[in-house]
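Asks: Sequence and predicted structure, then a few things I'm wondering about:
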Amino acid sequence: MLLTPTDQPRMHREFELDLESRYRSGFVTLGILLLVFGTLEVVRFAVWDLPALLDGRGWTWPVFMRLSVYAVSLGLILYVLVMRRRHLVNREQVLAAATLILTTVAGLILVSRLFIKRQFPVDFELYAIWGAVDLAALHLLASVSMPWTPRESLAPLFLPLVGWSICVLVPETPSLDMTSRAVMIILSPLLLLPGATMALVLSRRHRERFEHAALGREVEAMGGQLSRARIVHDAMFPSPCDDGHVRFDYVYHPIQEIGGDYVHYYCCRASHRVYVTLLDVAGHGLAAALTVNRLFGELERIRAENPDAEPSDVMELLNRYINLTMSGHDLYATGMCLMLDPGSGRLTWVSAGHPPSMLRRTDGSLVDLPATTVLLGALPFAEFETNQQTITLHPGDVVIAYTDGAFEARNRAGRQFGLRNLRETAQFTPPPRDWTRFIATAVSKHHGGNADDDVLIATLTLRGLRVDVPRRSTVAIAAPASEDVATA
């Protein structure tokens with residue numbers, strides 16, 4: 001899922017808030033771990049080191065110094081955790097408190113090591129090594145607890161590391177020459193490498209997990225929004241209708257929750273004429289569905305203002321609307337408008353760049369209803385000519401209209417269903433009771449659930465002529481028997 005420019009700052013803010021929360025919890029974890037390890041160190045010192053330091057010497061300054069380090073360190077940690085933790089609100093304050101604790105504890109440990117070294121000068125290398133181990137362990141412990149970056153993790157241990165280097169460099173001991181000390185100081189930054197590496201790994205892992213979780217929430221929220229949008233979108237679609245004279249039915253399978261195909265049904269109460277309009281907006285998904293919503297509103301307006309508007313009128317107004325409001329954004333649509341008079345069986349249509357619908361006669365023969373003009377929105381109102389056509393239906397005839405997703409559906413081998421297979425399906429004998437689902441099933445079996453375009457199939461069947469419909473003098477004369485299609 002790609003984030004829009006609007007989503008990215010919002011996700012960054014959410015990440016920073018989550019990071020601040022992790023800093024506060026990580027600081028508490030660090031404090032507790034320092035208390036635990038500090039307590040264990042006190043026990044270890046009392047059991048192992050203290051008897052050796054007191055052996056024949058009594059209570060000397062190194063002993064008092066070491067005990068003072070433990071007391072001050074544990075007291076500082078307790079003070080910050082208990083008294084100051086509630087005042088640590090943002091990330092900077094938590095970092096400052098963590099830096100204070102780590103710098104102080106590390107400094108006190110080094111000072112105690114220095115005093116012990118003065119008490120036992122022959123063990124200088126041992127205590128220098130243990131001082132380095134103390135810094136590395138403290139840094140690694142902090143990096144495991146705190147969700148900071150490698151750069152942030154280095155700041156608390158910088159001054160203690162400088163102090164350790166001075167302790168190694170300045171005193172004169174016969175066991176280490178100046179070259180060995182210089183090598184130790186040069187390599188001393190490597191002491192912080194394990195902790196910095198741990199901080200880098202954990203910070204990256206946290207960011208990846210956060211982004212994954214955030215994207216999951218976005219997808220879930222989008223799914224919920226699309227589900228609600230699907231309910232609104234589906235509400236625009238008509239219900240199948242059968243009044244005994246004319247039967248209207250359709251099947252719609254969008255490849256996403258909502259799509260860019262649409263069918264509109266209208267029956268004029270005064271004339272009983274039936275109007276069916278198919279639209280196929282360029283594109284798929286949410287953008288196409290939003291365009292369909294606008295065209296639905298325009299169709300409703302047209303029918304409310306002119307219930308008897310013929311296909312030529314409807315397509316002219318739709319073309320004008322799309323040309324004025326959508327063509328500037330490269331949004332166009334193909335469409336077909338059908339008008340069936342159940343009293344005469346006369347079918348009138350205009351097709352704007354739409355795939356040719358098929359009229360299936362009762363004898364199984366097919367008559368194409370080809371496009372009569374260009375797609376909607378391509379030309380301004382003054383240049384758009386509908387070239388409205390008419391044809392006569394007989395009881396039992398059915399008009400099959402569809403969008404391009406029906407014949408462009410591909411199977412796993414990449415072969416399209418094609419117009420030829422669509423025509424052969426429409427000529428199936430004996431005819432099925434439900435043409436829409438019969439054709440939709442054939443298309444679905446072909447693509448095997450891997451459709452790459454919306455599929456809309458609609459049928460309009462003349463079941464019987466209506467004898468109580470008043471004839472209007474303006475109705476076009478029926479086509480001659482020798483010609484099936486005539487221009488209105």
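Replies: Received it, and whenever you're ready, just let me know what you need.
Asks: In terms of secondary structure, what does the helix or strand Ala287 falls within contact?
Replies: Ala287 belongs to helix 285-305 when assigned by DSSP states H and E. Here helix 285-305 touches helix 193-235, strand 261-267, strand 274-281, helix 311-325, going by 3 or more CB pairs under 8 Å, 6 or more residues apart in numbering; DSSP states H and E. (Each C-beta comes from the backbone N, C-alpha and C, glycine too.)
Asks: Buried residues in stretch 268-282, which are they?
Replies: 271-282 (16 or more other CB atoms under 10 Å).
Asks: quick one: the helices in this protein?
Replies: Here the chain has its helices, by DSSP state H, at 7-44, 50-54, 61-79, 91-119, 124-145, 150-169, 178-187, 193-235, 285-305, 311-325, 418-426, 435-447.
Asks: Now the weakest link among those, please, by mean pLDDT.
Replies: Mean pLDDT is lowest for helix 50-54 among the helices of the chain, at a mean of 67.
Asks: so Tyr321 makes contact with Gly297?
Replies: No: Tyr321 lies out of contact with Gly297 (CB atoms under 8 Å); the separation is 9.6 Å.
Asks: Was I right to think Ala442 contacts Asn421?
Replies: Yes: when contacts are counted by CB under 8 Å, Ala442 is listed as touching Asn421 (7.5 Å).
Asks: partners of the closest residue to Leu299 other than its chain neighbours in the sheet?
Replies: Spatially, and ignoring its direct neighbours in sequence, Leu299 is nearest to His264 (5.0 Å; CB to CB, 6 or more residues apart in numbering). Using DSSP bridges, the bridge partners assigned to His264 are Thr277.
Asks: any idea how far Leu74 is from Phe261?
Replies: You called it Phe, but residue 261 is Asp. Distance of Asp261 to Leu74, computed by CB to CB, to the nearest Å: 72 Å.
Asks: out of these two, which sits in the busier spot?
Replies: Asp261 (29 against 17; other CB atoms under 10 Å).
Asks: got the contact list for that one?
Replies: Under the criterion of CB atoms under 8 Å, 6 or more residues apart in numbering, the neighbours of Asp261 are 252, 254, 278-281, 292, 403, 405, 454-456.
Asks: Tabulate these (CSV), appending distance to Leu375.
Replies: As requested, these are arranged in CSV below (distance: CB to CB, whole Å):
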residue, distance to Leu375
Tyr252, 20
Pro254, 20
Leu278, 13
Leu279, 11
Asp280, 9
Val281, 10
Val292, 15
Thr403, 13
Gly405, 16
Asp454, 17
Val455, 19
Leu456, 16
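Asks: from the residues you listed, which is closest to Arg24?
Replies: Within the contacts of Asp261, the smallest distance to Arg24 is 46.5 Å, found for Pro254 (CB to CB).
Asks: Contacts only, for the closest one.
Replies: Per CB under 8 Å, 6+ apart, neighbours of Pro254: 261, 284, 454.
Asks: Likewise for Thr291?
Replies: 260, 281, 283, 326, 331, 333.
Asks: can we see that at 7 Å?
Replies: 260, 281, 326, 331 (CB atoms under 7 Å, 6 or more residues apart in numbering).
Asks: can you check Val36 too?
Replies: By CB under 7 Å, 6+ apart, the contact set of Val36 is empty.
Asks: Could you report the separation of it from Val43?
Replies: Noted for Val36: a distance of 11 Å to Val43, by CB to CB.
Asks: repeat for Asn319
Replies: 88 Å.
Asks: Trp349 now?
Replies: To Val43, Trp349 is 94 Å away according to CB to CB.
Asks: same question, Phe158
Replies: On the measure of CB to CB, Phe158 and Val43 end up 30 Å apart.
Asks: These two - which one has more neighbours?
Replies: Per other CB under 10 Å, whichever of Phe158 and Val43 has more neighbours is Phe158, with 14 against 10.
Asks: what about the closest residue to Pro355 other than its chain neighbours, how many neighbours?
Replies: Nearest residue to Pro355, sequence neighbours excluded (CB to CB, 6+ apart): Asp404, at 5.5 Å. Neighbour count of Asp404, defined by other CB under 10 Å: 16.
Asks: same thing with the one 5 residues further on?
Replies: Burial of Ala409, expressed as a neighbour count using other CB under 10 Å, amounts to 26.
Asks: tell me the pLDDT at it?
Replies: At Ala409, pLDDT is 90.
Asks: Now the phi/psi pair for it, please.
Replies: When read as degrees, to the nearest 10, the backbone of Ala409 gives phi -60, psi 130.
Asks: I'd guessed it sits against His446; true?
Replies: Yes: Ala409 is within contact range of His446, at 5.6 Å (criterion: CB atoms under 7 Å).
Asks: Give me the common contacts of those two.
Replies: In contact with both Ala409 and His446: Phe417, using CB under 7 Å, 6+ apart.
Asks: Make a PyMOL selection of whichever of the contacts of Thr291 turn out to be buried.
Replies: A single PyMOL command selects the buried members of these (16+ other CB under 10 Å):
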select buried, resi 260+281+326+331
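Asks: pLDDT check: weakest of the contacts of Thr291?
Replies: Gly260 (85).
Asks: and the nearest residue to that one once chain neighbours are set aside, how many neighbours?
Replies: Counting by CB to CB, 6+ apart, Gly260 lies nearest to Ala288, which is 2.6 Å off, once chain neighbours are set aside. Using other CB under 10 Å, Ala288 is surrounded by 23 other residues.
Asks: ok, Tyr321 and Gly297, which is more surrounded?
Replies: Neighbour count, other CB under 10 Å: between Tyr321 and Gly297, Tyr321 has more, with 20 against 12.
Asks: The chain - how does it break down into domains?
Replies: 7-215, 240-487 (automatic domain parsing).
Asks: I'd like to know which of the ones you listed is closest to Ser227.
Replies: Ser227 sits nearest to domain 240-487 of all the domains of the chain, at 6.6 Å, using CB to CB.
Asks: my read: Pro147 touches Leu19, true?
Replies: Yes: assessed by CB under 7 Å, Pro147 is found in contact with Leu19 at 6.4 Å.
Asks: Which members of the buried residues of stretch 268-282 are the farthest-apart pair?
Replies: Longest span within the buried residues of stretch 268-282, CB to CB: His272 and Ala282, 34.5 Å.
Asks: Any buried residues in stretch 99-106, and which?
Replies: 99, 101-106.
Asks: Among those, pick out the one closest to Phe237, please.
Replies: Using CB to CB, these come closest to Phe237 at Thr99, 63.3 Å.
Asks: wait, what's in contact with that closest one?
Replies: Thr99 touches 155-156, counting by CB under 7 Å, 6+ apart.
Asks: ok, it to Ile255 distance?
Replies: Here the criterion is CB to CB. By it, Thr99 lies 55 Å from Ile255.
Asks: quick revisit: adding distance to Leu376, write the helices of the chain out as TSV.
Replies: Shown next, in TSV, are these (distance: least, CB to CB, whole Å):
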stretch	distance to Leu376
helix 7-44	33
helix 50-54	93
helix 61-79	74
helix 91-119	55
helix 124-145	63
helix 150-169	59
helix 178-187	75
helix 193-235	20
helix 285-305	9
helix 311-325	5
helix 418-426	22
helix 435-447	24
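Asks: among those, which is nearest Gly364?
Replies: helix 418-426 (9.1 Å).
Asks: All set now, cheers.
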